[in-house]
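Visitor: A predicted structure for the sequence below; I have some questions about it.
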There are 2 protein chains.
Amino acid sequence: MTKKMRLAIDAMGGDEGVAMTIPGSAILAERRPDVEMVFYGREQEIKPALEKHPHLMQRSEIVHTDHSVSMDEKPSKALRAGRWKSSMWMALQAVRDKQVDATISAGNTGALIAMAKFCVKTMPYVDRPVLSALWPTVKGDCIVLDVGANIGADAEQLVTSAILGEAMARCLFQLKKPKLALLNVGVEEVKGLDEVKTASQILQTLNLPIEYCGFIEGNKIGLGDVDVVVTEGFTGNIAIKTGEGTAKQVSLMLREAIERSLIAKIGYILVQGAFKAVKERVDPSHTNGAVLLGLNGVVIKSHGGTDPLGYATAIETGCQMVENSLLEKISADMASFDRFQHADVKAKVASAGGM
Amino acid sequence: MTKKMRLAIDAMGGDEGVAMTIPGSAILAERRPDVEMVFYGREQEIKPALEKHPHLMQRSEIVHTDHSVSMDEKPSKALRAGRWKSSMWMALQAVRDKQVDATISAGNTGALIAMAKFCVKTMPYVDRPVLSALWPTVKGDCIVLDVGANIGADAEQLVTSAILGEAMARCLFQLKKPKLALLNVGVEEVKGLDEVKTASQILQTLNLPIEYCGFIEGNKIGLGDVDVVVTEGFTGNIAIKTGEGTAKQVSLMLREAIERSLIAKIGYILVQGAFKAVKERVDPSHTNGAVLLGLNGVVIKSHGGTDPLGYATAIETGCQMVENSLLEKISADMASFDRFQHADVKAKVASAGGM
């Protein structure tokens, strides 16, 4: 008999609130009859929405709170005003107190990171949470992290991100040794930021469950040759947004070029199925479910503007992290990485520095 | 009567060497009857290639040298071995000594940057050369810099890049006040790296010929709402490569999706003109001609793998920089920016730091 899974849902998070989170949860509940859910937020909104999904309602609980974090609130303000009492905070508190196995929120990203850091706290040897994202490639998905939880990272923080990423990849892709690379401006050992070069040297010395592939350049992520791409949050955020923007731009340019010719317009009717398939493949709502890694609990960030199907995908990601023991995997691998023992590697990189 | 323009061509630079540089120069020479060229490299290769283009040959000169920089040579080695005598160095020396108006090379990027820095040297108040790139957007091209000449940049270096970029935009797009933005992880004033925030504050105080638009995120570059996007070289390199990679990935995914269905294959015959148009639009060889900015001379970096048409575009970019007085524009604007007078701005940003 499998253990029942229990999830905390920030019902108010996301652009549409309960109109998206409840139908999304209902889709997941149909797929997974073993899951129970606790919804945090305004009962007067949650209850009527739940009543439309009896199969979910009978496995649900509502914890009422009037306060919710708005999507554009500054993280510092959200933390000051929403601590203890907002639906986001209470959902996080539940995973911290082991009342649930995972927490899912489609709310304000900055607020979620700040609250998770403050409430759930990071695991031993991890000094800050890291935001992962799924990048659709020609071969499948690739995990990219950090995509914006933190600005900048030293070598040890990059190695920590590598461990968080490989653990997530093992849970999500069922791989024994995910292929992992560091994002850099070239593949040669001499190029790039010192901290990236040092992290590369450290990764070569550690006995981690990864196939370490060295450096990867921005134009190779989409090829899908690696499962995990590690970078710091500023570059990661710009890379993932540039990728999203370019995918949209190419579609837009194709559409405009087609509109200019009658023959192309007729042809479009025949190829539109292929266009739709690709659009769905690169659409964020179909690769939804960023894991906020490094915390004492499984916390999933869903896109705020996703649809119920995308929200169900985010919850599913949470379930997979729980079933495949994400936290235990991270603990085991962090234990094998002593982050303060790399002075020799750093000195080596520094002395080999320059051009 | 317009003054004749004289250009130095590193004939050996690029994946194909003279087989690409000479036909490319011939295309440009047809378009511009007022241009003279000096080719640097192996005479025994250049001469027979030139003989196929009499209209170019009669306006050309060959300066023989046996030494050329290979495409995969490390910059430090290229500099040690190729100083004084390589075709790249000698072409750079010509622009430094005012024997020519501009130098064009499709050779090894790292070596070109290192040699240009060492040979041509940077302009007063500019401490290092910056590599620009043209980013195809839905509305036209956008200049992005730095795309990899330097790793990291402080606030003053970002402002210098902004000045170099606006001067290039005024020369290339004939704009009086180009729209300029700083690449960042969010558009709010409080987000991002301190140096980016400080640079933003400085740009607001300067009286530059720009329309300053604040921050831009990675997903908005392709919309073409700004003419110049400024960032440091690590992020810029990863952003532009990610953009290129994603454009290729989307095309590849579409092609695969179309191959899976007979109807789509038939439709493709009708839309392939539109596909080709978009491919050409986002193809680097059609937006060729990165300017290496901040030097005491106009130096153009062409893609190494471009075709003769792309190479002609790169040379054309050089001509436009000369005709529109790039160096004079940069000098004038750098003079109005005293880079050591921003302690107050920095203190303000530092005290407003944190979340």
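Guide: Good, I have the coordinates.
Visitor: from the chain's centroid, how far away is the lengthiest helix in chain A?
Guide: In chain A, with assignment by DSSP state H, the single longest helix is helix A:233-259. Counting by Cα atoms, centre = their mean, to the nearest Å, helix A:233-259 is centred 20 Å from the centre of its parent chain.
Visitor: tell me the angle that helix makes with helix B:233-259.
Guide: 40 degrees (axes from the mean of the first three to the mean of the last three Cα atoms, to 10 degrees).
Visitor: which elements pack onto helix A:233-259?
Guide: Applying 3 or more Cβ pairs under 8 Å, 6 or more residues apart in numbering or on different chains; DSSP states H and E, we find helix A:233-259 packed against strand A:130-136, strand A:141-145, strand A:179-183, helix A:262-282, helix B:233-259, helix B:262-282. Backbone N, C-alpha and C define where each C-beta goes, glycine included.
Visitor: which parts of it are buried?
Guide: A:233-251, A:253-254, A:257-258 (16 or more other Cβ atoms under 10 Å in any protein chain shown).
Visitor: partner residues bridging the residue nearest the centre of chain A?
Guide: Among the residues of chain A, the one closest to the centroid is residue A:290, at 1.6 Å (Cα atoms, centre = their mean). For residue A:290, the beta-bridge partners under DSSP bridges are residue A:301.
Visitor: check contacts around it.
Guide: A:131, A:132, A:133, A:134, A:147, A:300, A:301, A:302, A:314 (Cβ atoms under 8 Å, 6 or more residues apart in numbering or on different chains).
Visitor: mind putting those in a markdown table, neighbour count, pLDDT and distance to residue B:82 included?
Guide: Below are the contacts of residue A:290 laid out as a markdown table (neighbours: other Cβ atoms under 10 Å in any protein chain shown; pLDDT from 0 to 100; distance: Cβ to Cβ, whole Å):
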| residue | neighbour count | pLDDT | distance to residue B:82 |
| --- | --- | --- | --- |
| A:131 | 24 | 95 | 45 |
| A:132 | 28 | 95 | 44 |
| A:133 | 27 | 91 | 43 |
| A:134 | 22 | 90 | 45 |
| A:147 | 24 | 92 | 41 |
| A:300 | 25 | 97 | 54 |
| A:301 | 27 | 94 | 51 |
| A:302 | 31 | 93 | 54 |
| A:314 | 25 | 94 | 54 |
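Visitor: nearest to chain B among those residues?
Guide: residue A:147 (9.3 Å; Cβ to the nearest Cβ).
Visitor: quick one: that closest one is in a helix?
Guide: No: assigned with DSSP: H, G, I helix; E, B strand; the rest coil, residue A:147 falls outside any helix and is coil.
Visitor: what does the stretch 1-150 of chain A have sitting close to chain B?
Guide: A:74, A:75, A:76, A:110, A:114, A:137, A:138, A:148 (Cβ under 8 Å from any Cβ of the partner chain).
Visitor: surely the second one touches residue A:110?
Guide: Yes: Residue A:75 is in contact with residue A:110 according to Cβ atoms under 8 Å; the separation is 3.8 Å.
Visitor: looking at these two now, which is surrounded by more residues?
Guide: Neighbours per residue (other Cβ atoms under 10 Å in any protein chain shown) separate residue A:75 from residue A:110, with residue A:110 holding more: 23 against 20.
Visitor: and the more buried one, how close does it get to residue A:85?
Guide: From residue A:110 across to residue A:85, the span is 19 Å (Cβ to Cβ, to the nearest Å).
Visitor: repeat for residue A:182
Guide: 41 Å.
Visitor: neighbour count winner among the two?
Guide: Neighbours were counted for residue A:182 and for residue A:85 using other Cβ under 10 Å; residue A:182 has more, 26 against 13.
Visitor: low pLDDT regions in the stretch 201-350 of chain A?
Guide: Filtered on pLDDT under 70, the stretch 201-350 of chain A yields the residue ranges A:284-286, A:339-340.
Visitor: rerun that using 80 as the cut-off
Guide: A:280-289, A:338-350 (pLDDT under 80).
Visitor: show me what contacts residue A:11?
Guide: A:17, A:18, A:21, A:22, A:39, A:40, A:41, A:42, A:45, A:46, A:87.
Visitor: now residue A:70: closest residue in space, sequence neighbours ignored.
Guide: Of all residues beyond its chain neighbours, the one nearest residue A:70 is residue A:108 (7.0 Å), with distances taken as Cβ to Cβ, 6 or more residues apart in numbering or on different chains.
Visitor: neighbours of the one you found, how many?
Guide: By other Cβ under 10 Å, the burial measure for residue A:108, its neighbour count, is 25.
Visitor: go on, the one 10 residues further on?
Guide: Around residue A:118 there are 12 other residues, counting by other Cβ under 10 Å.
Visitor: how close does it sit to residue A:8?
Guide: Counting by Cβ to Cβ - residue A:118 and residue A:8 are separated by 16 Å.
Visitor: test my guess that residue A:71 contacts residue A:304.
Guide: Yes: with contacts counted by Cβ under 8 Å, residue A:71 reaches residue A:304, the gap being 5.7 Å.
Visitor: what do the two both touch?
Guide: A:14, A:15, A:107, A:108.
Visitor: neighbour-wise, which of the residues you listed leads?
Guide: That'd be residue A:107 among those, by other Cβ under 10 Å, with 30 neighbours.
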